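Trainee: mind looking at a prediction? Sequence and model below.
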Amino acid sequence: MRVGLTGGVASGKSTVAAILAELGAVVVDADQLAREVVARGTPGLARVVEDFGPAVLTPEGDLDRAHVGSIVFNDEAARRRLEAIVHPLVFERYAEIEAAAEADGETDRVVVHDIPLLTETGRAGEFDAVVVVDAADDVRVERMVRDRGWTREDAAARIAAQATREERLAVATHVVVNEGGREALRARVVEVFGDLTGDQREPTP
Ligand SMILES: CC(C)(COP(=O)(O)OP(=O)(O)OC[C@H]1O[C@@H](n2cnc3c(N)ncnc32)[C@H](O)[C@@H]1O)[C@@H](O)C(=O)NCCC(=O)NCCS
Ligand SMILES: Nc1ncnc2c1ncn2[C@@H]1O[C@H](COP(=O)(O)OP(=O)(O)OP(=O)(O)O)[C@@H](O)[C@H]1O
């Protein structure tokens, strides 16, 4: 079973993905793949440097993610250029991972694809279920400021670069509201996983 997991920035996708992994799902993380394809020394990173110039590199030769973020979340055309380089490479990695899972006979497991831009890329229909993690914009801004040290302006720019909550909720088969504490989140994720796997037991507290 292929499950798409999505949600706006700082909605709690990674936290939900970690709980699903604990419950037995295989998790594939698009943000992680998007980092791997532009890691130091990769052809992907060379293409980003070719397009954006050497100023996007740290002295050690890594992608300076904070610098690139400050460019692309304030300039839509630049963001599209970066996506045009990174997204096809991420899709290639996905195809490789799915082929390997099939070869290993893992097709009976729940495979959760954590894809921040699932709604934006119009790919929700490719999944058996779509779990949307939802939280109000102000809750997410507080998390970004508190946990990542971003300014309110940085946080708002990232939210503005994404689909709206309503657009995401429109493609959901399951909604996980993450505006309360971690225990409440866990209980809801156990419930959703039970529903996905056909296990109708009451969620454990
Ligand atoms: C601009 C970059 C270098 C900033 O790196 P940074 O380490 O600050 O953020 P990270 O990659 O961990 O992403 C954190 C969150 O930002 C949001 N985000 C990232 N890229 C995008 C984008 N192109 N559009 C809208 N939101 C985005 C997502 O909610 C994501 O979960 C990086 O996000 C990037 O390379 N983005 C382009 C690739 C992409 O679209 N990735 C998203 C999933 S494939
Ligand atoms: N229920 C919660 N209560 C308190 N903090 C939470 C809760 N859920 C998530 N967080 C915290 O909020 C932040 C964002 O969560 P997380 O990283 O899981 O979001 P994300 O959607 O994966 O973010 P991104 O889009 O940037 O990848 C993290 O610091 C996380 O620890």
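Mentor: Yep, that arrived. Residues are numbered from 1 along each chain as shown. Ligands and ions are numbered 1, 2, ... in the order given.

Trainee: look up the pLDDT of the residue nearest in space to the middle of the chain for me, please.
Mentor: By CA atoms, centre = their mean, the mean C-alpha position of the chain lies nearest to Pro116, the distance being 3.2 Å. What the model reports for Pro116 is a pLDDT of 97.

Trainee: chain center to stretch 177-194, what's the gap?
Mentor: Computed by CA atoms, centre = their mean, to the nearest Å, the chain-centroid distance of stretch 177-194 equals 18 Å.

Trainee: what of stretch 176-190?
Mentor: 18 Å.

Trainee: that stretch vs ligand 2: in contact?
Mentor: Yes. Stretch 176-190 is in contact with ligand 2 by CB under 6 Å from any ligand atom, via Asn178, Gly181, Arg182, Leu185. Glycine gets a C-beta too; all of them are placed from N, C-alpha and C.

Trainee: which of these fall in helices?
Mentor: The helices, defined by DSSP state H, take in Arg182, Leu185 from the residues of stretch 176-190 next to ligand 2.

Trainee: ok, now how distant is the residue nearest to the centre of the chain from Thr58?
Mentor: The gap separating Pro116 from Thr58 is 24 Å, by CB to CB, to the nearest Å.
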